[in-house]
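Q: Predicted model follows, preceded by the sequence.
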Amino acid sequence: LLTGDFFVTPPRIVLDLEASLRGIPAARAGEAVDRFFASVKPDVLSIGSGEFKAALNAALRAGDV
């Protein structure tokens with residue numbers, strides 16, 4: 001579950017990103033985020049795939065997923 005204050009267009013992008021990560025091994029999550037951003041090209045205010053990957057990797061390291 002991805003949570004936070006996201007300013008994206010269309011609004012369901014975060015839900016779609018989350019769905020694209022289901023079933024993906026943790027070791028491949030970063031490349032899955034890159035593929036998602038490359039294929040969807042969302043309008044995201046001030047963040048991109050790198051920030052999502054960093055947050056996801058931090059959560060994986062902390063065991064929060």
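A: Perfect, thanks for sending it.

Q: Spatially nearest residue to the residue nearest in space to the middle of the chain (excluding sequence neighbours)?
A: Nearest to the mean C-alpha position of the chain, by CA atoms, centre = their mean, lies Phe52 at 4.7 Å. Residue nearest to Phe52 in three dimensions, not counting chain neighbours: Val33, with 5.2 Å by CB to CB, 6 or more residues apart in numbering. (Glycine included, C-beta is placed from N, CA and C.)

Q: for Ala32, same thing?
A: Nearest to Ala32 is Ile24, by CB to CB, 6+ apart, at 4.7 Å.

Q: To what extent is that neighbour buried, counted in neighbours?
A: 14 (other CB atoms under 10 Å).

Q: Need the three-state assignment for it.
A: coil (DSSP: H, G, I helix; E, B strand; the rest coil).

Q: Outside of stretch 16-34 itself, list whatever touches it.
A: Leu1, Leu2, Arg35, Phe36, Val40, Ser49, Phe52, Lys53, Leu56, Asn57, Leu60, Val65 (CB atoms under 8 Å, 6 or more residues apart in numbering).

Q: PyMOL command to pick out the buried ones of those residues?
A: Per 16 or more other CB atoms under 10 Å, the buried members of the contacts of stretch 16-34 correspond to this PyMOL selection:
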select buried, resi 36+49+52+53+56
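
Q: Return the item of the contacts of stretch 16-34 having minimum pLDDT.
A: Lowest pLDDT of these: Val65, 62.

Q: mind checking which helix or strand of the protein has the lowest mean pLDDT?
A: Ranked by mean pLDDT, DSSP states H and E, the helix or strand of the chain with the weakest confidence is strand 43-44, at a mean of 75.

Q: counting contacts, what elements does whatever helix or strand comes next after that one pack onto?
A: Going down the chain from strand 43-44, the next helix or strand is helix 49-62, by DSSP states H and E. Helix 49-62 sits against helix 29-40, with contacts defined as 3 or more CB pairs under 8 Å, 6 or more residues apart in numbering; DSSP states H and E.
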